[in-house]
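>>> show me the folded form of this:
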Amino acid sequence: MKAKGIITVLLALCLACGASAQKFEPRQTWPYLLEEFTLGSVRTSAGVVIRDEAFLNVSIPDGRLHYIQNGKIMAADMTQVYTVLIGKDVFMNRGGRLEQVLYEGDGALLLKKTEVDMVKLSKSDIGYGVSSATASTQKLTGLGAEGMLINMDFSTAIENAKTGEYLPLDESYSFLVKGKEIPAKKADFLALEGLDHAGAKAFLKEQKIKWNKPLDLVKVLDYITANLK
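Reported below is the predicted structural model:
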């Protein structure tokens, strides 16, 4: 499963979260991107399957891949992970963190990164009656790949999944163009070398681009791939 050619459009999934469905919110005791460990597969950069038909999830605090083995939660060696398919969601390893691939267009990708919002976390009670930034960082470290969930019985983790505090999230988007990751922000878009800036500004004005909306970011990515010299 190479990055190129593995995605059509997954944005419908982002837009399918209707008002009637209750949105999943990760917790201190279940710091995962997905509500459930889901069947998926893992490939290296060479396209070699290193884990198939495995139950997988993404740890939000450190971005690592977690999987179930012999009834326990384990953390993957991210140096061996390139792309991950979990259900219908595709992820790519970017600097040791898994980022979700939302869209692929002409060799370029729209990526979404989900992290713990450290600013909000530092202002909230994280379970120890404290709210300092230092304590928040220590707690975040404890939730990571070397934290309390690794080697825990999966059944125990499930029992505790809904008992912890909610984790505040920070979601950001980026474009991967010609191997370079570019923040999906107006200033970074207009600063791209090889792009006609006057035309780019006219495009943004005409399309009324909202930088927090994935469908609008697809338009921006398609514009980049069509006009970048």
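>>> CA only for contacts and neighbour counts going forward, please
OK.
>>> give me the low-pLDDT residue ranges for this structure?
Within the chain, the ranges that satisfy pLDDT under 70 run 1-22, 124-147.
>>> separation between the nearest residue to Thr83 once chain neighbours are set aside and Met78?
In space, and not counting its chain neighbours, Thr83 is closest to Met92: 4.6 Å by CA to CA, 6 or more residues apart in numbering. Counting by CA to CA, to the nearest Å, the gap from Met92 to Met78 is 11 Å.
>>> tell me the contacts of Leu217?
Leu217 makes contact with Leu110, Ala184, Ile209, Lys210, Trp211 under the criterion CA atoms under 8 Å, 6 or more residues apart in numbering.
>>> that one belongs to a strand?
No. Going by DSSP: H, G, I helix; E, B strand; the rest coil, the assignment for Leu217 is helix, not a strand.
>>> for Glu99, see how far away it is.
To Glu99, Leu217 is 16 Å away according to CA to CA.
>>> and for Phe91?
Applying CA to CA, the value for Phe91 to Glu99 is 5 Å.
>>> what about stretch 75-86, how long is it end to end?
OK, stretch 75-86 end separation, CA to CA: 15 Å.
>>> in a strand, Glu159, correct?
No. Under three-state DSSP, Glu159 sits outside any strand and is assigned helix.
>>> report how many residues lie close to it.
Glu159 is flanked by 10 other residues according to other CA atoms under 10 Å.
>>> show the contacting residues for it.
Taking CA under 8 Å, 6+ apart, one finds nothing in contact with Glu159.
>>> any idea which element the residue of the chain most remote from its centre lies in?
No residue in the chain sits farther from the centre than Ala198, which is 32.4 Å out by CA atoms, centre = their mean. Assigned by DSSP states H and E, Ala198 belongs to helix 197-207.
>>> for that helix, buried residues please.
Within helix 197-207, the residues that count as buried by 16 or more other CA atoms under 10 Å are Ala200, Leu204.
>>> kindly report the same for stretch 33-51.
So, applying 16+ other CA under 10 Å, buried residues of stretch 33-51: Leu33, Leu34, Phe37, Thr38, Leu39, Gly40, Ser41, Val42, Arg43, Thr44, Arg51.
>>> can you map out the helices along the chain?
With DSSP state H as the criterion, the chain has helices at 11-15, 118-122, 133-142, 154-160, 186-190, 197-207, 214-227.
>>> which residues of this structure fall in strands?
Under the criterion DSSP state E, the chain contains strands at 38-43, 49-58, 65-69, 72-75, 83-86, 89-94, 97-105, 108-116, 169-177, 180-183.
>>> as CSV, the ones you listed with distance to Ala202 would be great.
Formatted as CSV, the strands of the chain follow (distance: least, CA to CA, whole Å):
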stretch, distance to Ala202
strand 38-43, 41
strand 49-58, 39
strand 65-69, 41
strand 72-75, 46
strand 83-86, 36
strand 89-94, 32
strand 97-105, 21
strand 108-116, 22
strand 169-177, 20
strand 180-183, 20
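>>> got the contact list for Tyr166?
If you count contacts by CA under 8 Å, 6+ apart, then Tyr166 has Glu25, Pro26, Arg27, Gln28 around it.
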